[in-house]
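In: model this:
(2 chains)
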There are 2 protein chains.
Amino acid sequence: MSEDKVLLDHGSGGKVSHAMFSDLILPLFNNPELAKQDDGAVMDLDLKGGRLAFSTDSYVVDPIFFPGGNIGDLAVNGTVNDVSMCGAVPLCISVGLIIEEGLAQKDLKLILESMAGAAKKAGVKIVTGDTKVVPRGKADKIFINTSGIGVIPAGKDVGGSGARPGDCIIVSGFIADHGITILSTREGLKFDSDIRTDSAPLNKMVQSLIHSDCDIHVLRDPTRGGLGTTLNEIAAQSGAGILIKESALPIRGAVQGICELLGFDPLYIANEGKLIAFVPEQDADKALEIIKQDEFGHDAKIIGRVTDQDPGKVFLETGIGGMRMVDMLTGEQLPRIC
Amino acid sequence: MSEDKVLLDHGSGGKVSHAMFSDLILPLFNNPELAKQDDGAVMDLDLKGGRLAFSTDSYVVDPIFFPGGNIGDLAVNGTVNDVSMCGAVPLCISVGLIIEEGLAQKDLKLILESMAGAAKKAGVKIVTGDTKVVPRGKADKIFINTSGIGVIPAGKDVGGSGARPGDCIIVSGFIADHGITILSTREGLKFDSDIRTDSAPLNKMVQSLIHSDCDIHVLRDPTRGGLGTTLNEIAAQSGAGILIKESALPIRGAVQGICELLGFDPLYIANEGKLIAFVPEQDADKALEIIKQDEFGHDAKIIGRVTDQDPGKVFLETGIGGMRMVDMLTGEQLPRIC
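Out: Here you go, the predicted model:
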């Protein structure tokens, strides 16, 4: 029986750790940098006058398996997207595993396979990593950190401080799918719907935008804290006001229904495969079209504008024409959503 | 009372998370890249024809405070060293915090202060990060992932596969201090000694070696698994035999005594501020002198040689002239040592 479980010894750095690396991890993530088994990966990199982007995220999602994905592909896509939102082409990522003693080896294998698949789909290499195992009860199944490196092409500059009055705000598809999927799965809620995580790599969408002649001011993926919190971050960073229209927000009927039932606001529910782009009005239709052409952007919409009023604040025009302020998320409504 | 504890809300990505970042984290780690608060850090980097090194490690050490350091400076020094062992000058690191709900805020502050201090001492910037909080009982106080980037100067090439017969093996000081410190602290053992962790940044030592005219074949820090496991890794990677002399191993009397008392072999006990260097015989004395000049290398010694016998194996010549094979660590003798 015990061979089917992850043991403390798998994290010792000794013989059993090395066997797990050689027999399980290396064949899945196979690339020359990782195969060298040095303390870090060494890469030839031609920046071509561009800049480096570097990002990190830890994933502690509960449950670790959920409709549409698991903690493994979530962790790869998440860092691919964070690097992409800097306007960069993500190239390689690191993986730090913290495993609770007793995790089923088949679950670990499934997760690692999903990571390898997600990396392949996104076109990034997993070049370096680390595995720790902690005694039973000292972690919850598995936590994964991914860090990523990418290159921002010369002359390109996107960031949260670039929003300018008049910019149109595009969201690349339906919001709140990920958070509602996790919540429903965790709580064992049986809804008559097939909601699944939207976890997806957005790097190709971003590259199409960056290499178009559209002037992209801001890119951001509205993950933890949701669209409402992310818009507040950008409003604060840019010193600009933001006005979005409730009627324009793409929300699936089933997600909207569950939110109403449980008292959640979809504006604060996490997404894992969506981006928001701020572009000047004259480029908005073109940027929208580029996003819609992408595999993960078919349902993109323009949801609002940057204004020169109320700098740092976000307002929502409600369906019946009223206005309400959208603050940052306060309180933790959904712990361990990613 | 609750204000003195880390709450789930500190990891929500919302208002309280942002306040913690602005009030606590940013002032400590202060640098322009982090201050931008984008999804990743963006850096101008001139590789000058060199290569990039990239490494990651998660720290789950128990206890989180111990004589000579805590999980924070350990995590910074650890990744500074892993990047350095690639022959690189470490430049920046990321920090991923996974905090158990209820951690004392003053403990978090102490840990972050130690990270800032360690980064300053090593001359690296903490440019990007992430904070997650999990419910009480789902992690143990705090886990920290650090990932790091550095640049390997053009024309320099060190790695675990570079050991060649005739190479001398230098260790930069006393072994097993870190592991014995953690073990003693965790188990509440009261020894009449002042053993403390050896956690330290080795990047300046490595830079002095790399920029000397010594031909450095291998650099590695013998952390988890200890000197014995690390030598086995290098023997396997290089396809070379290794012979070390027990009488040459620098071990403090107190550490040796505790190891004998508890039945541990110091060859398998973790170090966090030591490196081993493989250099051709003609450069060995010079390399040793360079290491001894460094703040953390005063007690360096030549401990053995690479041979052309028994490729992939490590042998120890014992104090009484016998020979024993040193295998990789088998079994986990000290979980959560780093």
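In: low-confidence bits of chain A, can you list those?
Out: Confidence mapping of chain A against pLDDT under 70 gives the ranges A:1-3.
In: care to break it down by domain?
Out: According to automatic domain parsing, chain A comprises the domains A:31-152, A:160-325.
In: in CSV, list those along with distance to chain B and mean neighbour count.
Out: C-beta coordinates here come from the backbone N, C-alpha and C atoms, glycine included. Listed next are the domains of chain A as CSV, based on distance: least, C-beta to the nearest C-beta, whole Å; neighbours: other C-beta atoms under 10 Å in any protein chain shown:
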stretch, distance to chain B, mean neighbour count
domain A:31-152, 3, 23
domain A:160-325, 3, 20
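In: the stretch 1-150 of chain A: helices as residue ranges?
Out: Ranges of helices in the stretch 1-150 of chain A, per DSSP state H, counting those that start in this stretch, are A:15-20, A:26-29, A:32-35, A:71-84, A:105-122.
In: would you mind saying which of these lies nearest B:Asp39?
Out: Nearest to B:Asp39 among those is helix A:71-84; the distance by C-beta to C-beta comes to 4.2 Å.
In: tell me how far the closest one lies from the chain's centre.
Out: 5 Å (C-alpha atoms, centre = their mean, to the nearest Å).
In: tell me what that helix is packed against?
Out: For helix A:71-84, the contact count by 3 or more C-beta pairs under 8 Å, 6 or more residues apart in numbering or on different chains; DSSP states H and E identifies strand A:51-59, strand A:89-100, helix A:105-122, strand A:142-152, helix A:203-210 as packing neighbours.
In: let's see that with 10 Å instead.
Out: With contacts taken as 3 or more C-beta pairs under 10 Å, 6 or more residues apart in numbering or on different chains; DSSP states H and E, helix A:71-84 sits against strand A:51-59, strand A:65-66, strand A:89-100, helix A:105-122, strand A:142-152, helix A:203-210, strand A:218-220, strand B:125-134.
In: circling back: got a markdown table for the domains of chain A, with distance to B:Gly13 too?
Out: Below are these laid out as a markdown table (distance: least, C-beta to C-beta, whole Å):
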| stretch | distance to B:Gly13 |
| --- | --- |
| domain A:31-152 | 11 |
| domain A:160-325 | 3 |
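In: ok, which of these comes nearest B:Val326?
Out: So among the domains of chain A, domain A:31-152 is nearest, using C-beta to C-beta, at 18.8 Å.
In: endpoint to endpoint, the closest one covers what distance?
Out: 23 Å (C-alpha to C-alpha, to the nearest Å).
In: and that domain, how far out from the chain middle?
Out: Offset of domain A:31-152 from its chain centre (C-alpha atoms, centre = their mean): 12 Å.
In: for B:Ile210, see how far away the residue nearest to A:Gly162 when sequence neighbours are not counted is.
Out: In this structure, A:Gly162 finds its nearest non-sequential neighbour in A:His217, 3.9 Å apart by C-beta to C-beta, 6 or more residues apart in numbering or on different chains. Applying C-beta to C-beta, to the nearest Å, the value for A:His217 to B:Ile210 is 42 Å.
In: residues near the closest residue to chain B within the stretch 201-338 of chain A, how many?
Out: Minimum separation of the stretch 201-338 of chain A from chain B (C-beta to the nearest C-beta) falls at A:Leu329, amounting to 2.9 Å. A:Leu329: 28 surrounding residues under other C-beta atoms under 10 Å in any protein chain shown.
In: list the contacts for it?
Out: Counting by C-beta atoms under 10 Å, 6 or more residues apart in numbering or on different chains, A:Leu329 makes contact with A:224-226, A:228-230, A:232, A:265, A:267-270, B:9, B:12-18.
In: just A:Gln207 next, same as before
Out: So A:Gln207 contacts A:Ser84, A:Gly87, A:Ala88, A:Val89, A:Pro90, A:Gly123, A:Pro153, A:Asp294 (C-beta under 10 Å, 6+ apart).
In: tell me the spacing between the third one and A:Ile210.
Out: What it means is A:Ala88. Per C-beta to C-beta, A:Ala88 is found 9 Å from A:Ile210.
In: what do those two both touch?
Out: A:Ile152, A:Pro153, A:Lys156, A:Val158.
In: wasn't the third one part of a strand?
Out: No: secondary structure of A:Lys156, determined by DSSP: H, G, I helix; E, B strand; the rest coil: coil, with no strand assignment.
In: who's in contact with A:Thr56?
Out: Neighbouring residues of A:Thr56 by C-beta under 10 Å, 6+ apart: A:78-79, A:82-83, A:93-94, A:96, A:145-148, B:40-41, B:56, B:93-96, B:127-130, B:145-147.
In: I'd say the residue nearest to A:Gly162 and A:Val306 touch.
Out: Yes: applying C-beta atoms under 10 Å, one finds A:His217 in contact with A:Val306, separated by 8.5 Å.
In: between these two, which contacts overlap?
Out: With contacts defined as C-beta under 10 Å, 6+ apart, the residues adjacent to both A:His217 and A:Val306 are A:Ala163, A:Arg164, A:Asp167, A:Cys168, A:Ile169, A:Ile234, A:Ser238, A:Ala240, A:Phe278, A:Pro280.
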